[in-house]
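Colleague: One predicted model, sequence on top.
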Amino acid sequence: MRILGIESSCDETGVAVVEASASGVPRLLGAALHSQVAMHRDYGGVVPELASRDHIRRVLPLTEAALAQAGVSLHAIDAVAYTRGPGLAGALLVGAGVAHAMALALGVPVVGVHHLEGHLLSPFLSADPPAFPFVALLVSGGHTQLMRVDGVGRYTLLGETIDDAAGEAFDKSAKVLGLGYPGGPALSRLAQQGDPAAFALPRPLLHSGDLDFSFAGLKTAVLTQARKLGPALEARKADLAAATEAAIVDVLVHKALAALRATGLTRLVVAGGVGANRRLRERLAQAAQRDGWRVHYPEVALCTDNGAMIALAAAMRWQVGAGSAADAPGAFDVLPRWPLEAVALDGARATA
Ligand code: ATP
Ligand code: MG
Ligand code: FE
(Lines give C-alpha, C1' and ligand atoms only; values in the text may rest on other atoms or scores of the structure.)
(Ligands and ions follow the chains in the order given, each with its own letter.)
Protein backbone atom coordinates (compact mmCIF):
# COMPACT_ATOMS: atom_id res chain seq x y z
CA MET A 1 0.00 0.00 0.00
CA ARG A 2 1.56 3.27 -1.15
CA ILE A 3 0.07 6.43 0.29
CA LEU A 4 0.73 9.94 -0.98
CA GLY A 5 0.37 12.55 1.78
CA ILE A 6 -0.21 16.28 1.32
CA GLU A 7 0.27 18.86 4.10
CA SER A 8 -0.94 22.45 3.60
CA SER A 9 -2.41 23.54 6.94
CA CYS A 10 -0.25 26.61 7.49
CA ASP A 11 2.97 27.88 5.92
CA GLU A 12 4.63 24.68 4.73
CA THR A 13 3.65 22.75 1.61
CA GLY A 14 4.75 19.14 2.08
CA VAL A 15 4.21 16.06 -0.07
CA ALA A 16 5.51 12.56 0.65
CA VAL A 17 5.06 8.92 -0.28
CA VAL A 18 4.93 6.24 2.40
CA GLU A 19 4.75 2.48 1.92
CA ALA A 20 2.95 0.29 4.43
CA SER A 21 2.24 -3.40 4.72
CA ALA A 22 -0.49 -4.84 6.95
CA SER A 23 1.76 -4.59 10.01
CA GLY A 24 5.11 -3.11 10.96
CA VAL A 25 6.24 0.49 10.81
CA PRO A 26 5.52 2.17 7.44
CA ARG A 27 8.51 3.30 5.39
CA LEU A 28 9.13 6.74 3.92
CA LEU A 29 9.91 6.43 0.19
CA GLY A 30 10.26 10.07 -0.81
CA ALA A 31 9.39 13.58 0.36
CA ALA A 32 9.49 17.19 -0.79
CA LEU A 33 8.86 20.33 1.21
CA HIS A 34 8.64 24.06 0.70
CA SER A 35 8.57 26.49 3.62
CA GLN A 36 6.95 29.89 3.10
CA VAL A 37 8.75 31.38 6.09
CA ALA A 38 10.77 33.82 3.98
CA MET A 39 7.63 35.03 2.22
CA HIS A 40 5.80 35.85 5.46
CA ARG A 41 8.82 37.31 7.26
CA ASP A 42 8.16 40.91 6.17
CA TYR A 43 4.74 40.74 7.80
CA GLY A 44 5.93 39.28 11.12
CA GLY A 45 3.50 36.37 10.81
CA VAL A 46 1.63 34.13 8.41
CA VAL A 47 -0.66 36.01 5.97
CA PRO A 48 -3.43 33.47 5.25
CA GLU A 49 -4.26 34.65 1.70
CA LEU A 50 -0.59 34.60 0.65
CA ALA A 51 -0.21 31.16 2.21
CA SER A 52 -3.12 29.70 0.20
CA ARG A 53 -1.84 31.13 -3.08
CA ASP A 54 1.64 29.79 -2.50
CA HIS A 55 0.32 26.30 -1.66
CA ILE A 56 -1.43 26.34 -5.05
CA ARG A 57 1.82 27.23 -6.80
CA ARG A 58 3.92 24.62 -5.00
CA VAL A 59 1.81 21.54 -4.51
CA LEU A 60 2.10 19.93 -7.98
CA PRO A 61 5.86 20.48 -8.48
CA LEU A 62 6.40 19.14 -4.94
CA THR A 63 4.24 16.12 -5.75
CA GLU A 64 6.41 15.41 -8.79
CA ALA A 65 9.56 15.81 -6.70
CA ALA A 66 8.30 13.47 -3.96
CA LEU A 67 7.27 10.82 -6.50
CA ALA A 68 10.62 11.12 -8.30
CA GLN A 69 12.51 10.66 -5.05
CA ALA A 70 10.32 7.67 -4.19
CA GLY A 71 10.97 6.24 -7.65
CA VAL A 72 7.28 5.58 -8.27
CA SER A 73 4.79 7.01 -10.74
CA LEU A 74 1.55 8.64 -9.68
CA HIS A 75 -0.26 5.56 -11.01
CA ALA A 76 1.49 3.41 -8.40
CA ILE A 77 -0.26 5.32 -5.58
CA ASP A 78 -2.95 3.33 -3.75
CA ALA A 79 -4.45 6.13 -1.62
CA VAL A 80 -4.13 9.89 -1.16
CA ALA A 81 -4.08 11.56 2.27
CA TYR A 82 -4.30 15.27 3.07
CA THR A 83 -4.46 17.45 6.16
CA ARG A 84 -8.13 18.10 6.84
CA GLY A 85 -7.46 20.29 9.89
CA PRO A 86 -6.79 22.05 12.14
CA GLY A 87 -5.22 25.01 10.34
CA LEU A 88 -6.00 27.93 8.05
CA ALA A 89 -9.18 27.26 6.08
CA GLY A 90 -7.92 28.57 2.73
CA ALA A 91 -4.59 26.76 3.06
CA LEU A 92 -6.30 23.49 4.03
CA LEU A 93 -8.65 23.76 1.04
CA VAL A 94 -5.69 23.68 -1.37
CA GLY A 95 -4.44 20.32 -0.09
CA ALA A 96 -7.97 18.94 0.21
CA GLY A 97 -8.92 20.00 -3.32
CA VAL A 98 -5.76 18.65 -4.92
CA ALA A 99 -5.94 15.38 -2.98
CA HIS A 100 -9.55 14.81 -4.02
CA ALA A 101 -8.82 15.64 -7.65
CA MET A 102 -5.87 13.24 -7.73
CA ALA A 103 -7.80 10.45 -6.03
CA LEU A 104 -10.73 10.90 -8.40
CA ALA A 105 -8.43 10.77 -11.42
CA LEU A 106 -6.60 7.70 -10.12
CA GLY A 107 -9.69 5.92 -8.82
CA VAL A 108 -8.19 5.44 -5.34
CA PRO A 109 -9.49 6.30 -1.85
CA VAL A 110 -8.78 9.70 -0.32
CA VAL A 111 -8.59 10.34 3.41
CA GLY A 112 -8.50 13.52 5.51
CA VAL A 113 -5.92 13.37 8.30
CA HIS A 114 -5.74 15.25 11.61
CA HIS A 115 -2.61 17.43 11.58
CA LEU A 116 -1.80 16.75 15.23
CA GLU A 117 -2.14 13.00 14.75
CA GLY A 118 0.55 13.43 12.10
CA HIS A 119 2.85 15.27 14.52
CA LEU A 120 2.12 12.71 17.24
CA LEU A 121 2.95 9.67 15.11
CA SER A 122 5.92 11.24 13.27
CA PRO A 123 8.55 9.63 15.59
CA PHE A 124 7.55 6.26 14.09
CA LEU A 125 9.55 7.26 11.00
CA SER A 126 12.69 7.78 13.09
CA ALA A 127 15.56 5.33 13.55
CA ASP A 128 14.39 4.79 17.14
CA PRO A 129 10.58 4.49 16.95
CA PRO A 130 8.58 4.37 20.19
CA ALA A 131 6.19 1.59 21.23
CA PHE A 132 2.69 2.14 22.60
CA PRO A 133 1.64 3.24 25.16
CA PHE A 134 3.44 6.54 25.65
CA VAL A 135 2.98 10.08 26.88
CA ALA A 136 3.16 12.66 24.08
CA LEU A 137 4.28 16.21 24.59
CA LEU A 138 3.06 18.10 21.55
CA VAL A 139 4.79 21.46 21.39
CA SER A 140 4.27 23.43 18.20
CA GLY A 141 3.46 26.92 16.99
CA GLY A 142 -0.24 26.48 17.64
CA HIS A 143 -0.49 23.78 20.29
CA THR A 144 0.92 22.70 23.64
CA GLN A 145 -0.63 19.48 24.87
CA LEU A 146 0.19 16.44 26.94
CA MET A 147 -1.52 13.30 25.80
CA ARG A 148 -1.69 9.68 26.78
CA VAL A 149 -1.38 7.60 23.62
CA ASP A 150 -2.40 3.94 23.88
CA GLY A 151 -2.40 3.23 20.16
CA VAL A 152 -3.40 4.70 16.83
CA GLY A 153 -6.62 6.63 17.42
CA ARG A 154 -6.45 6.10 21.18
CA TYR A 155 -5.63 9.51 22.59
CA THR A 156 -6.48 10.93 26.00
CA LEU A 157 -5.81 14.62 26.60
CA LEU A 158 -4.00 15.04 29.93
CA GLY A 159 -3.46 18.80 29.83
CA GLU A 160 -2.97 21.72 27.45
CA THR A 161 -2.23 25.40 27.33
CA ILE A 162 -4.97 27.71 28.48
CA ASP A 163 -3.62 30.57 26.33
CA ASP A 164 -0.48 30.76 24.14
CA ALA A 165 1.37 27.74 22.76
CA ALA A 166 5.03 27.14 23.69
CA GLY A 167 6.14 27.93 20.12
CA GLU A 168 4.12 31.14 20.27
CA ALA A 169 5.88 32.06 23.53
CA PHE A 170 9.24 31.54 21.81
CA ASP A 171 8.17 33.55 18.76
CA LYS A 172 6.55 36.45 20.65
CA SER A 173 9.50 36.77 23.04
CA ALA A 174 11.87 36.67 20.08
CA LYS A 175 9.90 39.51 18.49
CA VAL A 176 10.33 41.59 21.67
CA LEU A 177 14.08 40.94 21.40
CA GLY A 178 14.04 41.97 17.74
CA LEU A 179 15.02 38.52 16.49
CA GLY A 180 12.69 38.41 13.49
CA TYR A 181 10.10 35.81 12.57
CA PRO A 182 9.62 33.03 13.44
CA GLY A 183 12.07 33.74 16.22
CA GLY A 184 12.05 30.46 18.16
CA PRO A 185 15.20 28.99 16.59
CA ALA A 186 16.99 32.39 16.65
CA LEU A 187 16.14 32.94 20.31
CA SER A 188 17.41 29.47 21.10
CA ARG A 189 20.70 30.11 19.26
CA LEU A 190 21.24 33.43 21.05
CA ALA A 191 20.39 31.82 24.40
CA GLN A 192 23.48 29.62 24.13
CA GLN A 193 25.63 32.71 24.76
CA GLY A 194 23.57 33.92 27.70
CA ASP A 195 23.08 33.19 31.39
CA PRO A 196 19.66 31.62 32.04
CA ALA A 197 19.79 32.78 35.69
CA ALA A 198 20.45 36.43 34.77
CA PHE A 199 16.76 37.33 35.00
CA ALA A 200 14.03 35.83 37.17
CA LEU A 201 11.13 35.18 34.81
CA PRO A 202 7.85 33.54 35.88
CA ARG A 203 7.16 29.81 35.42
CA PRO A 204 3.38 30.02 34.94
CA LEU A 205 1.30 27.18 36.43
CA LEU A 206 4.48 25.31 37.45
CA HIS A 207 2.89 24.18 40.70
CA SER A 208 -0.75 24.22 39.62
CA GLY A 209 -1.02 20.51 40.37
CA ASP A 210 -2.55 19.80 36.97
CA LEU A 211 -1.00 19.26 33.54
CA ASP A 212 -2.11 22.55 32.00
CA PHE A 213 0.18 25.29 30.70
CA SER A 214 0.01 29.08 30.41
CA PHE A 215 2.54 31.13 28.46
CA ALA A 216 0.82 34.48 27.82
CA GLY A 217 2.16 36.00 31.05
CA LEU A 218 5.72 35.05 30.20
CA LYS A 219 5.70 37.10 27.01
CA THR A 220 4.47 40.10 29.05
CA ALA A 221 7.23 39.55 31.62
CA VAL A 222 9.85 39.50 28.85
CA LEU A 223 8.41 42.72 27.42
CA THR A 224 8.43 44.38 30.87
CA GLN A 225 12.03 43.32 31.43
CA ALA A 226 13.08 44.57 27.99
CA ARG A 227 11.44 47.97 28.62
CA LYS A 228 13.11 48.22 32.02
CA LEU A 229 16.48 47.61 30.41
CA GLY A 230 15.88 50.24 27.74
CA PRO A 231 19.10 50.99 25.87
CA ALA A 232 20.91 48.40 28.04
CA LEU A 233 18.85 45.64 26.37
CA GLU A 234 21.25 45.33 23.47
CA ALA A 235 24.09 44.19 25.75
CA ARG A 236 21.82 41.87 27.78
CA LYS A 237 19.90 40.28 24.91
CA ALA A 238 21.59 36.90 25.13
CA ASP A 239 20.91 36.77 28.89
CA LEU A 240 17.25 37.63 28.43
CA ALA A 241 16.96 35.07 25.62
CA ALA A 242 18.55 32.42 27.85
CA ALA A 243 16.24 33.28 30.76
CA THR A 244 13.19 33.12 28.48
CA GLU A 245 14.18 29.77 27.04
CA ALA A 246 14.91 28.41 30.53
CA ALA A 247 11.48 29.50 31.79
CA ILE A 248 9.62 27.83 28.90
CA VAL A 249 11.73 24.65 29.03
CA ASP A 250 11.44 24.38 32.85
CA VAL A 251 7.66 24.33 32.63
CA LEU A 252 7.60 21.86 29.72
CA VAL A 253 9.99 19.46 31.46
CA HIS A 254 8.24 19.75 34.85
CA LYS A 255 4.82 18.97 33.35
CA ALA A 256 6.10 16.17 31.11
CA LEU A 257 7.65 14.47 34.15
CA ALA A 258 4.40 14.96 36.08
CA ALA A 259 2.49 13.33 33.20
CA LEU A 260 4.84 10.32 33.24
CA ARG A 261 4.37 9.99 37.00
CA ALA A 262 0.58 10.37 36.77
CA THR A 263 0.23 7.70 34.06
CA GLY A 264 3.00 5.41 35.28
CA LEU A 265 4.30 5.23 31.69
CA THR A 266 8.01 5.08 30.84
CA ARG A 267 8.07 6.46 27.29
CA LEU A 268 7.80 10.09 26.27
CA VAL A 269 7.34 11.26 22.69
CA VAL A 270 8.11 14.90 21.94
CA ALA A 271 6.64 16.21 18.69
CA GLY A 272 6.15 19.61 17.04
CA GLY A 273 8.61 22.37 16.16
CA VAL A 274 9.66 23.21 19.74
CA GLY A 275 10.83 19.61 20.04
CA ALA A 276 13.88 20.75 18.04
CA ASN A 277 14.94 22.94 20.98
CA ARG A 278 18.36 21.96 22.32
CA ARG A 279 17.83 22.93 25.93
CA LEU A 280 14.56 21.00 26.05
CA ARG A 281 16.29 17.92 24.63
CA GLU A 282 19.20 18.18 27.06
CA ARG A 283 16.97 18.58 30.10
CA LEU A 284 14.73 15.68 29.07
CA ALA A 285 17.73 13.45 28.37
CA GLN A 286 19.13 14.17 31.85
CA ALA A 287 15.81 13.42 33.54
CA ALA A 288 15.28 10.26 31.46
CA GLN A 289 18.68 8.92 32.41
CA ARG A 290 18.16 9.78 36.07
CA ASP A 291 14.68 8.26 36.32
CA GLY A 292 15.02 5.38 33.86
CA TRP A 293 12.56 6.24 31.10
CA ARG A 294 12.95 6.79 27.35
CA VAL A 295 12.36 9.85 25.21
CA HIS A 296 11.66 9.67 21.45
CA TYR A 297 11.73 12.42 18.84
CA PRO A 298 10.91 12.60 15.16
CA GLU A 299 13.88 13.12 12.84
CA VAL A 300 14.75 16.84 12.97
CA ALA A 301 13.37 17.39 9.45
CA LEU A 302 10.02 15.96 10.55
CA CYS A 303 9.66 18.07 13.73
CA THR A 304 7.95 20.90 11.86
CA ASP A 305 5.16 20.49 9.31
CA ASN A 306 5.71 17.99 6.49
CA GLY A 307 3.86 15.61 4.17
CA ALA A 308 5.50 12.47 5.53
CA MET A 309 3.66 12.62 8.85
CA ILE A 310 0.32 12.98 7.03
CA ALA A 311 0.96 9.94 4.80
CA LEU A 312 2.23 8.06 7.87
CA ALA A 313 -0.86 8.82 9.97
CA ALA A 314 -3.10 7.64 7.11
CA ALA A 315 -1.00 4.48 6.75
CA MET A 316 -1.11 3.67 10.47
CA ARG A 317 -4.86 4.25 10.63
CA TRP A 318 -5.30 1.92 7.66
CA GLN A 319 -3.21 -0.70 9.52
CA VAL A 320 -5.59 -0.67 12.50
CA GLY A 321 -8.59 -1.06 10.23
CA ALA A 322 -9.69 2.56 10.00
CA GLY A 323 -9.68 2.52 6.18
CA SER A 324 -13.42 3.13 6.21
CA ALA A 325 -12.57 6.69 7.24
CA ALA A 326 -12.03 7.49 3.53
CA ASP A 327 -13.96 10.53 2.27
CA ALA A 328 -16.84 10.13 -0.18
CA PRO A 329 -15.46 10.93 -3.67
CA GLY A 330 -15.55 14.65 -4.37
CA ALA A 331 -17.22 15.45 -1.05
CA PHE A 332 -14.55 17.17 0.97
CA ASP A 333 -14.56 19.74 3.67
CA VAL A 334 -11.84 21.11 5.90
CA LEU A 335 -11.95 21.57 9.67
CA PRO A 336 -9.92 24.65 10.73
CA ARG A 337 -10.78 23.86 14.37
CA TRP A 338 -10.78 20.17 15.13
CA PRO A 339 -10.02 18.53 18.50
CA LEU A 340 -7.81 15.44 18.30
CA GLU A 341 -10.30 13.41 20.35
CA ALA A 342 -12.68 13.70 17.39
CA VAL A 343 -10.55 11.18 15.44
CA ALA A 344 -10.59 8.60 18.25
CA LEU A 345 -11.14 5.05 17.05
CA ASP A 346 -13.37 2.89 19.20
CA GLY A 347 -11.56 -0.22 20.31
CA ALA A 348 -8.65 0.30 17.92
CA ARG A 349 -5.86 -2.11 18.70
CA ALA A 350 -2.37 -0.90 19.43
CA THR A 351 0.22 -1.87 16.85
CA ALA A 352 3.99 -1.45 16.39
P1 ATP B 1 0.55 23.51 14.73
O2 ATP B 1 1.14 22.18 14.37
O3 ATP B 1 0.18 23.61 16.15
O4 ATP B 1 -0.51 23.91 13.80
P5 ATP B 1 2.87 24.70 13.49
O6 ATP B 1 2.72 23.58 12.55
O7 ATP B 1 2.97 26.08 12.97
O8 ATP B 1 1.70 24.64 14.58
P9 ATP B 1 5.43 23.62 13.97
O10 ATP B 1 5.76 23.82 12.53
O11 ATP B 1 5.32 22.24 14.49
O12 ATP B 1 4.14 24.45 14.36
O13 ATP B 1 6.51 24.39 14.85
C14 ATP B 1 6.84 25.74 14.64
C15 ATP B 1 7.19 26.35 15.97
O16 ATP B 1 8.37 25.73 16.50
C17 ATP B 1 7.50 27.83 15.86
O18 ATP B 1 6.83 28.49 16.91
C19 ATP B 1 9.03 27.89 16.04
O20 ATP B 1 9.49 29.08 16.61
C21 ATP B 1 9.24 26.72 16.99
N22 ATP B 1 10.64 26.24 16.96
C23 ATP B 1 11.29 25.63 15.94
N24 ATP B 1 12.55 25.34 16.28
C25 ATP B 1 12.71 25.77 17.57
C26 ATP B 1 13.80 25.75 18.50
N27 ATP B 1 14.98 25.24 18.20
N28 ATP B 1 13.58 26.27 19.73
C29 ATP B 1 12.38 26.78 20.05
N30 ATP B 1 11.32 26.83 19.22
C31 ATP B 1 11.49 26.33 17.99
MG1 MG C 1 5.07 26.21 10.08
FE1 FE D 1 2.20 21.62 12.75
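Modeller: Everything's here; your move. Ligands and ions are numbered 1, 2, ... in the order given.

Colleague: any idea how far ligand 3 is from the nearest residue to residue 44 once chain neighbours are set aside?
Modeller: Beyond its immediate neighbours in the sequence, the residue positioned closest to residue 44 (C-beta to C-beta, 6 or more residues apart in numbering) is residue 181, lying 5.1 Å away. (Glycine included, C-beta is placed from N, CA and C.) Distance, residue 181 to ligand 3, by C-beta to the ion, to the nearest Å: 16 Å.

Colleague: need the contact list for residue 181.
Modeller: If a contact means C-beta atoms under 8 Å, 6 or more residues apart in numbering, then residue 181 has 37, 40, 41, 44, 45, 171, 174, 175 as its contacts.

Colleague: Export those to JSON lines and append columns for neighbour count.
Modeller: Shown next, in JSON lines, are the contacts of residue 181 (neighbours: other C-beta atoms under 10 Å):
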{"residue": "37", "neighbour count": "14"}
{"residue": "40", "neighbour count": "20"}
{"residue": "41", "neighbour count": "12"}
{"residue": "44", "neighbour count": "13"}
{"residue": "45", "neighbour count": "12"}
{"residue": "171", "neighbour count": "25"}
{"residue": "174", "neighbour count": "24"}
{"residue": "175", "neighbour count": "19"}
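
Colleague: What pLDDT is listed against the residue most central in space within the chain?
Modeller: Geometric centre of the chain, nearest residue: residue 272, 2.9 Å, by C-alpha atoms, centre = their mean. You'll see residue 272 listed with a pLDDT of 94.

Colleague: Same check on residue 346?
Modeller: 72.

Colleague: Same question for residue 324.
Modeller: 69.

Colleague: Equivalent analysis for residue 349, please.
Modeller: 48.

Colleague: Surely the residue nearest to the centre of the chain and residue 138 touch.
Modeller: Yes: with contact defined as C-beta atoms under 8 Å, residue 272 and residue 138 form a contacting pair (5.1 Å).

Colleague: For the spatially closest residue to residue 202 that is not a sequence neighbour, pull up the helix or strand it's in.
Modeller: Excluding the flanking residues, the one nearest residue 202 by C-beta to C-beta, 6+ apart is residue 221, at 5.4 Å. In this assignment (DSSP states H and E), residue 221 forms part of helix 216-229.

Colleague: Run through the neighbouring helices and strands of that helix.
Modeller: Applying 3 or more C-beta pairs under 8 Å, 6 or more residues apart in numbering; DSSP states H and E, we find helix 216-229 packed against helix 166-176, helix 233-263.

Colleague: Can you list the buried residues in that helix?
Modeller: 217, 218, 219, 221, 222, 225, 226, 229 (16 or more other C-beta atoms under 10 Å).

Colleague: now stretch 49-61
Modeller: 50, 51, 52, 53, 54, 55, 56, 58, 59.

Colleague: In helices only, show me those.
Modeller: If you go by DSSP state H, the buried residues of stretch 49-61 have 50, 51, 52, 53, 54, 55, 56, 58, 59 in helices.

Colleague: Let me know the pLDDT of the fourth one.
Modeller: Listed pLDDT for residue 53 reads 98.

Colleague: Against residue 9, how distant is it?
Modeller: 15 Å (C-beta to C-beta, to the nearest Å).

Colleague: Then the last one?
Modeller: According to C-beta to C-beta, residue 59 stands 13 Å off from residue 9.

Colleague: hey, what's in contact with both of the two?
Modeller: residue 95.

Colleague: What segments of the protein are strands?
Modeller: 2-7, 12-19, 27-35, 79-85, 110-114, 134-139, 144-151, 154-160, 267-271, 294-296 (DSSP state E).

Colleague: Residue of the stretch 201-350 of the chain nearest ligand 1, please.
Modeller: Closest to ligand 1 within the stretch 201-350 of the chain is residue 273: 2.0 Å, counting by C-beta to the nearest ligand atom.

Colleague: Would you agree residue 269 is in contact with residue 296?
Modeller: Yes: using C-beta under 8 Å, residue 269 is in contact with residue 296, at 4.9 Å.

Colleague: Touching both of these two, which residues are there?
Modeller: 123, 130, 134.

Colleague: And the pLDDT at the last one?
Modeller: So that's residue 134. 98.

Colleague: Look at the nearest residue to it once chain neighbours are set aside and say how many residues are nearby.
Modeller: Leaving aside its sequence neighbours, residue 134 sits nearest to residue 267 (C-beta to C-beta, 6+ apart; 3.8 Å). By other C-beta atoms under 10 Å, 18 other residues sit near residue 267.

Colleague: okay, residue 267: pLDDT?
Modeller: 98.

Colleague: what sits against it?
Modeller: Per C-beta under 8 Å, 6+ apart, neighbours of residue 267: 130, 131, 133, 134, 135, 293, 294, 295, 296.

Colleague: go on, residue 124?
Modeller: Residue 124 touches 25, 26, 130, 312, 316, 352, counting by C-beta under 8 Å, 6+ apart.

Colleague: Do I have it right that the third one meets residue 296?
Modeller: Going back to what we said before, that points to residue 130. Yes: using C-beta under 8 Å, residue 130 is in contact with residue 296, at 4.2 Å.
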